[in-house]
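*Asks:* Pasting the sequence and the predicted model now:
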Amino acid sequence: QAKNGRHLAEGKAVIFEFDLEGRLTYASPSAECVTGRKPAAITGRFFHYFLPDTEVPKAIQAFITVMMGQRVRDMGLEILMKDGFSAPVSAHFLPLFKDREVVGVRGFFEDLRQSGESEKVYEALAKISLAGVYIVQEGKLKLVNPHFQRCTGYMENDLINVDPLSLVHPEDREMVSRRAVMMLKGERTEPYEFRLLTRDGRIKRVREIVTSVWYRGQRAVLGNYIIADPQ
């Protein structure tokens, strides 16, 4: 039965299993696409290794619920990737039974960045992402999360329909544009660094990744960045 469950889940989502101590005992091959880590490299790690500190209490509560024999469905969660960025997922947890006793936790999660549910993606990112997150369509910012606003010093109304390259140091704009295109084409996977200009004239060095998504029925770019040299 466990094998059948794994087979069904791996085709559509990532599946993982933890023991009662919170140690990862199984991760499907598809986990590497989201986390950037091969299953063999993460098996044996405790669950908090995969989460930002702010997400750990939520995960603990989900584990407690499952250990009592109940399921947890559609929980918004942020998980850490190998490069230090975080990704929003929709997680489902259920108990693993042996002889009618709970012996572990099985989880399924879907990467919301690839789900096509744009509003759900933004809601998850805006609430819990530790990175600056934005969506660009036709060269203009359409969505920005609170961290993006705090980092740049601009309010949401100041940013919507603005060319995101206007926030990049003039000397870095050509490089950013070129590397973003390479990443969108799958020719580059490593984050790239550039100088971000804030509203008050300061310069912040950030590391960014971008991916192609669908938003409101049209192709768009989802970007997120973290501060490269936090003070």
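*Replies:* Noted; the coordinates are in hand. Numbers count the residues shown, from 1 in each chain.
*Asks:* going forward, measure contacts and count neighbours with C-alpha atoms only.
*Replies:* Will do.
*Asks:* just the helices in the chain please.
*Replies:* Residue ranges of the helices in the chain, as given by DSSP state H, are 2-10, 31-35, 39-42, 56-67, 118-128, 146-152, 156-159, 173-184.
*Asks:* so what does the last one touch, helix or strand wise?
*Replies:* Applying 3 or more C-alpha pairs under 8 Å, 6 or more residues apart in numbering; DSSP states H and E, one finds that helix 173-184 makes contact with strand 192-197, strand 203-215.
*Asks:* Would you quantify the distance from the nearest residue to I209 once chain neighbours are set aside to I135?
*Replies:* Of all residues not flanking I209 in the chain, P191 sits nearest, at 5.1 Å (C-alpha to C-alpha, 6 or more residues apart in numbering). As judged by C-alpha to C-alpha, to the nearest Å, P191 and I135 stand 17 Å apart.
*Asks:* Which of the helices of the chain has the lowest mean pLDDT?
*Replies:* Looking at the helices of the chain, the lowest mean pLDDT belongs to helix 2-10 (a mean of 42).
*Asks:* got any ranges where the protein has weak pLDDT?
*Replies:* Scanning the chain with the threshold set as pLDDT under 70 gives 1-12, 113-128, 217, 230-231.
*Asks:* Distance check, T43 against A31.
*Replies:* T43 is 11 Å from A31, by C-alpha to C-alpha.
*Asks:* Specify which residue of those two has the higher count of neighbours.
*Replies:* Comparing T43 with A31 by other C-alpha atoms under 10 Å, the one with more neighbours is A31, at 20 against 16.
*Asks:* Wait, F108 touches A91, no?
*Replies:* Yes. When contacts are counted by C-alpha atoms under 8 Å, F108 is listed as touching A91 (5.8 Å).
*Asks:* what residue of this protein is the furthest out?
*Replies:* Distance from the C-alpha centroid of the chain, by C-alpha atoms, centre = their mean, peaks at D99 (36.4 Å).
*Asks:* Tell me which residues touch the residue positioned nearest the centre of the chain, please.
*Replies:* For the chain, the residue nearest the mean C-alpha position is A87 (0.6 Å; C-alpha atoms, centre = their mean). Contacts for A87 (C-alpha atoms under 8 Å, 6 or more residues apart in numbering) come out as V34, E78, I79, L80, M81, D111, L112, R113, S129.
*Asks:* beta partners of it?
*Replies:* As for beta bridges, A87 partners with I79 under DSSP bridges.
*Asks:* and the gap between it and L77?
*Replies:* For A87, the distance to L77 - C-alpha to C-alpha - is 8 Å.
*Asks:* Show me which of the contacts of A87 is closest to D158.
*Replies:* Proximity of those to D158 (C-alpha to C-alpha) peaks at S129, which lies at 21.0 Å.
*Asks:* Need the CA coordinates for stretch 72-85. CSV is fine.
*Replies:* The C-alpha trace of stretch 72-85 is given here as CSV (Å, rounded to 0.1, in the frame of the first residue of the first chain):
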residue,chain,number,x,y,z
VAL,A,72,-3.4,18.2,7.5
ARG,A,73,-4.4,19.4,4.1
ASP,A,74,-3.5,22.4,1.9
MET,A,75,-1.1,24.0,4.4
GLY,A,76,0.9,26.9,3.0
LEU,A,77,4.5,26.4,3.8
GLU,A,78,7.9,27.9,2.8
ILE,A,79,10.8,25.5,2.3
LEU,A,80,14.5,26.2,1.9
MET,A,81,16.3,25.4,-1.3
LYS,A,82,20.0,24.6,-1.6
ASP,A,83,20.9,28.1,-2.8
GLY,A,84,19.5,29.8,0.3
PHE,A,85,16.2,31.0,-1.3
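*Asks:* That'll do, ta.
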